[in-house]
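Undergrad: Fold the following for me, if possible:
(2 chains)
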Number of protein chains: 2
Amino acid sequence: MIGERRYRAIVEYDGTDFLGFQIQARGRTVQGEIEKSLQRVTQAAIRIEGAGRTDTGVHAIGQVIAFNAIWQHSLAELHRALNATLPDDIVVSDLKIVDLTFHPRFSALSRSYSYTIVNQPWASVLRRRYAYHVRKPLDVGAMNEASQYLIGSHDFASFGKPPYGDNTVREVSRAEWSANGGLLTFEITANAFLYRMVRTIVGTLVQVGLGQLAANEIKPILEARDLTRSAPPAPPHGLCLVRVTYPAEA
Amino acid sequence: MIGERRYRAIVEYDGTDFLGFQIQARGRTVQGEIEKSLQRVTQAAIRIEGAGRTDTGVHAIGQVIAFNAIWQHSLAELHRALNATLPDDIVVSDLKIVDLTFHPRFSALSRSYSYTIVNQPWASVLRRRYAYHVRKPLDVGAMNEASQYLIGSHDFASFGKPPYGDNTVREVSRAEWSANGGLLTFEITANAFLYRMVRTIVGTLVQVGLGQLAANEIKPILEARDLTRSAPPAPPHGLCLVRVTYPAEA
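TA: The predicted model follows:
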């Protein structure tokens, strides 16, 4: 008889029609849909764990999940069966067997998110589900200058609340804007993020881009450790969980 | 009193929820929605003309339309009022006053379309509305080699039917695939296109990419002037009308 194995999957989803990743008493969630699909495929109730609990409307191309299952057939068959039963706004892009000790959240070394802004007078209809539309011109140079204050290990209490516990120190290794015509992309990597941290950072950097805040005002805002000092979070639909990294052996 | 003026607009739309550009007795069309919006804004029944009658499900970032209207306020106000009344899957990205003789279709010098393919084992959910998913690996080099047979002035009867009249000669000035990871983009420019010509070309080039047809078999297919010789059209959702060009003075 084949015993239980642990599986790690990379999952891509369009957050538009989900009440976020985490399962809720009511409402359509990414976790709920994946668990439903696993139940159909394996005939067993399986609980999954995710690397990041993305909010309502937030997308992912590199969410990582793990689950234990008893499966008699090949890995490729499980992969195919999952994608055949998942709705068309979720796909498992990679599936492998991992050590039983692997945990998608606790084993993770870093998370990378992207945030996309369409910066032009009129909305881009083809990007309207995946980018935040900012009409007034943004100074990307100033936004990049401001982003540099975030790099390193800091107490980010001004930019979010901890999802559990009270430790608000996080280490940001990358925070950078790039512009391609009217399309601005922010890429940020940290060991972990506070709740709504990327969106609150983006909301605040947009104020810098609009000239409402000077680039070097990010420093005193960060040092204040006071969530009321930052701007409101940018909307969820511009945000995407791009990648989660693990130690090589995991 | 202000007389009638002629306006030219560049229009972007997400074709997913339209029965194509052209107005129909029933069903939601791009033309129908724009005319409804013009009626609300100007209080007059206004007929628009478009450069290309895109099919059901086909997108546009550079459709060009023209219409006559009597408008007492500024051009910027008309532009704003149109975008304020259009549904969120259509936007007017540019609006200007043009000569009364301007016609978006008859004055056009060239049209450019793009066709996007996601070429990887699993669908990309974030691109599922805008790209055709081809699971098996495509040989982009062979597809580019085949594309070169299309360049120049040819009778394209093997790749489409004329939208009116019986002239099936068109002049293709560009036909090129580029690859970025699993994302393949085809860009094609011609003076004009036959009905379903781009999708039929893409469907046939995909057969080349899969190794079902040799690159140089495109030549005899083209020379046969027989629609049954080409492959079925690729699906509409990968197609986008990118740009229509006009003489400098228009």
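Undergrad: per-domain residue ranges of chain A.
TA: Taking automatic domain parsing as the reference, chain A has its domains at A:5-98, A:110-245.
Undergrad: Export the ones you listed as a markdown table, with columns for mean neighbour count, distance to chain B and mean pLDDT.
TA: In this view, the C-beta of every residue, glycine as well, is placed from N, C-alpha and C. Shown next, in a markdown table, are the domains of chain A (neighbours: other CB atoms under 10 Å in any protein chain shown; distance: least, CB to the nearest CB, whole Å; pLDDT from 0 to 100):
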| stretch | mean neighbour count | distance to chain B | mean pLDDT |
| --- | --- | --- | --- |
| domain A:5-98 | 18 | 5 | 96 |
| domain A:110-245 | 19 | 5 | 97 |
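Undergrad: which stretch among those comes nearest residue B:168?
TA: domain A:110-245 (31.0 Å; CB to CB).
Undergrad: before we move on, the earlier item: okay if I get the domains of chain A as a markdown table plus distance to residue B:125?
TA: As requested, the domains of chain A are exported to a markdown table (distance: least, CB to CB, whole Å):
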| stretch | distance to residue B:125 |
| --- | --- |
| domain A:5-98 | 5 |
| domain A:110-245 | 11 |
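Undergrad: end to end, how far does stretch A:46-63 reach?
TA: End-to-end distance for stretch A:46-63, by CA to CA, to the nearest Å: 18 Å.
Undergrad: Which parts of chain A are helices?
TA: For chain A, applying DSSP state H gives helices covering A:30-42, A:75-85, A:140-147, A:197-209, A:218-224.
Undergrad: Convert the C-alpha atoms of the fourth one to CSV, please.
TA: Written as CSV, here are the backbone C-alpha positions of helix A:197-209 (Å, rounded to 0.1, in the frame of the first residue of the first chain):
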residue,chain,number,x,y,z
MET,A,197,2.5,46.1,3.5
VAL,A,198,3.1,46.1,-0.3
ARG,A,199,-0.1,48.0,-1.0
THR,A,200,0.5,50.5,1.7
ILE,A,201,4.1,51.1,0.5
VAL,A,202,2.8,51.6,-3.1
GLY,A,203,0.0,53.9,-1.9
THR,A,204,2.7,56.0,-0.1
LEU,A,205,5.2,55.9,-3.1
VAL,A,206,2.4,57.1,-5.4
GLN,A,207,2.1,60.2,-3.1
VAL,A,208,5.8,60.7,-3.7
GLY,A,209,5.3,60.2,-7.5
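Undergrad: Point out the other helices and strands that it packs with.
TA: strand A:110-119, strand A:132-134, helix A:140-147, strand A:169-180, strand A:183-190, helix A:218-224, strand A:239-245 (3 or more CB pairs under 8 Å, 6 or more residues apart in numbering or on different chains; DSSP states H and E).
Undergrad: repeat that for 7 Å
TA: With contacts taken as 3 or more CB pairs under 7 Å, 6 or more residues apart in numbering or on different chains; DSSP states H and E, helix A:197-209 sits against strand A:110-119, helix A:140-147.
Undergrad: and residue A:183, which of these is closest to it?
TA: Taking the helices and strands packed on helix A:197-209 one by one with CB to CB, strand A:110-119 is closest: 6.2 Å.
Undergrad: before we move on, back to that, to residue B:116, which of the domains of chain A lies closest?
TA: domain A:110-245 (10.8 Å).
Undergrad: Using CSV, please lay out the helices of chain A together with distance to residue B:24.
TA: Compiled in CSV, the helices of chain A are given as follows (distance: least, CB to CB, whole Å):
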stretch, distance to residue B:24
helix A:30-42, 35
helix A:75-85, 35
helix A:140-147, 44
helix A:197-209, 42
helix A:218-224, 53
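Undergrad: what's the closest of those to residue A:184?
TA: Judged by CB to CB, the one of the helices of chain A that comes nearest to residue A:184 is helix A:140-147, at 6.1 Å.
Undergrad: Let me know the angle separating that closest one from strand A:110-119.
TA: Counting by axes from the mean of the first three to the mean of the last three CA atoms, to 10 degrees, helix A:140-147 lies at 150 degrees to strand A:110-119.
Undergrad: elements contacting helix A:140-147?
TA: Contacts defined by 3+ CB pairs under 7 Å, 6+ apart place helix A:140-147 against strand A:169-180, helix A:197-209.
Undergrad: how about TSV for these, with distance to residue B:128 added?
TA: Shown next, in TSV, are the helices and strands packed on helix A:140-147 (distance: least, CB to CB, whole Å):
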stretch	distance to residue B:128
strand A:169-180	22
helix A:197-209	24
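Undergrad: which ones are touching residue A:19?
TA: Contact analysis of residue A:19 by CB atoms under 7 Å, 6 or more residues apart in numbering or on different chains lists A:27, A:28, A:29, A:56.
Undergrad: I'd say the second one and residue A:15 touch.
TA: Just to be clear, that refers to residue A:28. No. Assessed by CB atoms under 7 Å, residue A:28 is found out of contact with residue A:15, at 10.9 Å.
Undergrad: follow-up on the earlier one: for the helices of chain A, which one sits closest to residue A:162?
TA: Nearest of these (CB to CB): helix A:197-209, 9.7 Å.
Undergrad: Next, the angle strand A:110-119 makes with that closest one.
TA: Using the same axes, to 10 degrees, helix A:197-209 lies at 40 degrees relative to strand A:110-119.
Undergrad: Can you give the distance from helix A:197-209 to the centre of its chain?
TA: Centroid separation for helix A:197-209 versus its chain: 16 Å, with CA atoms, centre = their mean, to the nearest Å.
Undergrad: swap in stretch A:49-66?
TA: The chain centre lies 6 Å from the centre of stretch A:49-66; the measure is CA atoms, centre = their mean.
Undergrad: Reformat the contacts of residue A:19 as JSON lines; add distance to residue B:232.
TA: Shown next, in JSON lines, are the contacts of residue A:19 (distance: CB to CB, whole Å):
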{"residue": "A:27", "distance to residue B:232": "40"}
{"residue": "A:28", "distance to residue B:232": "35"}
{"residue": "A:29", "distance to residue B:232": "38"}
{"residue": "A:56", "distance to residue B:232": "40"}
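Undergrad: Out of these, flag the one nearest to residue A:231.
TA: Minimum distance to residue A:231 across the contacts of residue A:19 is 19.6 Å, recorded for residue A:56 (CB to CB).
Undergrad: Pretty sure the closest one sits against residue A:20.
TA: Yes. Applying CB under 7 Å, one finds residue A:56 in contact with residue A:20, separated by 4.6 Å.
Undergrad: quick one on the thing from earlier: compare the helices of chain A and give me the one nearest residue B:169.
TA: Across the helices of chain A, residue B:169 has its closest neighbour in helix A:75-85 (44.8 Å, CB to CB).
Undergrad: any idea how far stretch A:115-123 is from the chain center?
TA: In terms of CA atoms, centre = their mean, the centre of stretch A:115-123 is found 20 Å from the chain centre.
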